[in-house]
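A.B. asks: Let me see the structure of the following:
(one chain, ligands or ions: 1)
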Amino acid sequence: MKTINLKIAPCKIVCVGRNYVEHIKELNNEIPSEPVYFIKPNSSISEEIVYREGLHYEGEISFLIKNKKIVAVGFGFDLTLRDIQTKLKQKGLPWERAKAFKGAAIFSDFVEIDDLNNLEVEVVKNGEIVQRGGVELMMYKPDFLVKDIDEIFGLDDGDIIMSGTPKGVGRVERGDEFIGRIYKSGKVLVEKKWRVN
Ligand code: ZN
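C.D. replies: Just a heads-up that it's a prediction; the model follows:
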């Protein structure tokens, strides 16, 4: 019988909300005095983007963790049901219905990395660049996030950190074509294309 090592699969995805000032402004949110975190479960990970009403894309630099360190980087979509999230925020309720649903986390492959400088994320929607931003624009940088998240939640091998989205979030429609890219010093490190079902 084959044994399955549960550590191969990520056991959680920790997401950082409001990490880019320009994105905070576009959603009329307050600049937080400490990072905003929320968690997506394993079951939210999907290969495909499936259309839902009110679905928004948020392209994010995503980090894979091993031995409490960032070992690889990939592109991630923190898919969000924006209308539901807005209602939940107004009522002071948890965000899971808007952020942790089936199909809410989409990733490219992850590429090993040892230096986190000059990383950028880009989202191309139907041939047009709609998001571009990187570590330089983050309020809370990757090294801080790893330490802080480990102190609060604990980080296990295979966990993923989604480091927040730059400005330019928007709606997802049926048939849209998205390309998610991660750049390192201006060169494409990894990219993936999706068509919305
Ligand atoms: Zn996000």
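A.B. asks: residue in the chain nearest to the ion?
C.D. replies: Residue nearest to the ion within the chain: residue 78 (3.4 Å; C-beta to the ion). (C-beta placed from N, C-alpha, C; glycine too.)
A.B. asks: Contacts for the helix or strand of the chain with the lowest mean pLDDT, please.
C.D. replies: Lowest on mean pLDDT, DSSP states H and E among the helices and strands of the chain sits helix 21-26, with a mean of 82. The contact list for helix 21-26, computed with C-beta atoms under 8 Å, 6 or more residues apart in numbering, reads 18, 30-31, 133, 137, 139, 164-169.
A.B. asks: Counting neighbours, which of these comes out on top?
C.D. replies: Greatest neighbour count in these, by other C-beta atoms under 10 Å, goes to residue 165: 30 neighbours.
A.B. asks: a strand runs through it, doesn't it?
C.D. replies: No: assigned with DSSP: H, G, I helix; E, B strand; the rest coil, residue 165 falls outside any strand and is coil.
A.B. asks: contacting residues around it?
C.D. replies: Contacts for residue 165 (C-beta under 8 Å, 6+ apart) come out as 19-20, 23, 58-60, 78, 121, 131, 133.
A.B. asks: Give the ChimeraX command for selecting the buried subset of these.
C.D. replies: Restricted to buried positions by 16 or more other C-beta atoms under 10 Å, the ChimeraX selection for these reads:
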select :19,20,23,58,59,60,78,121,131,133
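A.B. asks: Counting only helices, which of the contacts of residue 165 make the cut?
C.D. replies: Among the contacts of residue 165, DSSP state H puts residue 23 in helices.
A.B. asks: Make sure the residue of the chain closest to the ion is actually in contact with residue 100.
C.D. replies: No: using C-beta atoms under 8 Å, residue 78 is not in contact with residue 100; the gap is 10.4 Å.
A.B. asks: Flag every residue of the protein that's near the ion.
C.D. replies: 58, 78, 165 (C-beta under 5 Å from the ion).
A.B. asks: export those to JSON lines and tack on pLDDT?
C.D. replies: Output for the residues of the chain next to the ion, formatted as JSON lines (pLDDT from 0 to 100):
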{"residue": "58", "pLDDT": "97"}
{"residue": "78", "pLDDT": "98"}
{"residue": "165", "pLDDT": "96"}
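A.B. asks: and which of the residues you listed is nearest to residue 177?
C.D. replies: Nearest to residue 177 among these: residue 58, at 17.2 Å, using C-beta to C-beta.
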